[in-house]
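1. Let's see this in three dimensions:
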Amino acid sequence: MLINNVKLGKSIEQKIKLRILYSIILLILGGASLYVGTCIPLASGNADYSSGYYVGLGCGLIAAAIITIIKNLRLLKNKEALKQREIYESDERNRMIGLKCWSYAGYAMFILLYIALLFAGAVNVVVMNTILVTLAGFAICLFISRLILNKIM
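-> I've put the predicted structure just below:
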């Protein structure tokens, strides 16, 4: 975006490089999950299930991170594709759809967590407390995001 010939925001190359960095972090987290699932003996009653869960989660994160890194490196090497991506991402309609999507998903998540919290107490106190902490964490993230956005916008 240009205001009085001053470019605001990050360039598309910077955004792509930041996405590559995030993908590397996901790759590391996937590796950690894979390590937990294969190398650390789990003490839970469902050790086989937990181990399979961590291995599957780790493999999924690793695969998604590698695919994303390759896709973004190809974008950086192809100037025409990079230009098309910049046009796509700077389109006001696409940006508004993305913002609305996150907004609606956030409202839905808050409502679903609250409904789950209502029923979880009858099932198990640990599950209820887990959902309560998740709901509180979500509310704190929402509050902090609001404070930050009020200061920078």
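2. Lowest-scoring secondary structure element of the protein by mean pLDDT?
-> Across the helices and strands of the chain, mean confidence by mean pLDDT, DSSP states H and E is lowest for strand 2-3: a mean of 44.
3. which secondary structure element contains R146?
-> According to DSSP states H and E, R146 maps onto helix 125-152.
4. Going by neighbour count, which residues in that helix are buried?
-> 128, 131-132, 135 (16 or more other C-beta atoms under 10 Å). The way it works is simple: take the backbone N, C-alpha and C, and place the C-beta from them, glycine included.
5. That one packs against which elements?
-> Packing partners of helix 125-152 (3 or more C-beta pairs under 8 Å, 6 or more residues apart in numbering; DSSP states H and E): helix 92-123.
6. For the helix it packs on, enumerate the helices and strands it packs against.
-> helix 125-152.
7. re earlier: farthest-apart pair in the buried residues of helix 125-152, please.
-> Greatest spatial distance among the buried residues of helix 125-152 (C-beta to C-beta): M128 and L135, at 10.5 Å.
8. where does A43 fall, helix, sheet strand or coil?
-> For A43, the assignment made with DSSP: H, G, I helix; E, B strand; the rest coil gives coil.
9. now the angle from the helix holding R146 to helix 92-123?
-> Helix 125-152 runs at 150 degrees relative to helix 92-123, counting by axes from the mean of the first three to the mean of the last three C-alpha atoms, to 10 degrees.
10. Now do helix 125-152: distance to the chain's middle.
-> Distance of helix 125-152 from the chain centroid (C-alpha atoms, centre = their mean, to the nearest Å) equals 15 Å.
11. Give me the mean pLDDT for that helix.
-> Throughout helix 125-152, pLDDT has a mean value of 93.
12. low pLDDT regions in this protein?
-> 1-9, 44 (pLDDT under 70).
13. change it to 90
-> 1-11, 37-51, 89-90, 94, 98, 121-123, 149, 152-153 (pLDDT under 90).
14. Using CSV, write out every CA atom in stretch 70-79.
-> Extracted in CSV, the C-alpha atoms of stretch 70-79 (Å, rounded to 0.1, in the frame of the first residue of the first chain):
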residue,chain,number,x,y,z
ILE,A,70,9.0,-26.1,-1.2
LYS,A,71,6.0,-24.1,-2.4
ASN,A,72,7.3,-20.9,-0.9
LEU,A,73,10.9,-21.4,-2.2
ARG,A,74,9.4,-22.0,-5.7
LEU,A,75,7.5,-18.7,-5.4
LEU,A,76,10.7,-16.8,-4.4
LYS,A,77,12.5,-18.2,-7.5
ASN,A,78,9.6,-17.4,-10.0
LYS,A,79,9.1,-13.7,-10.3
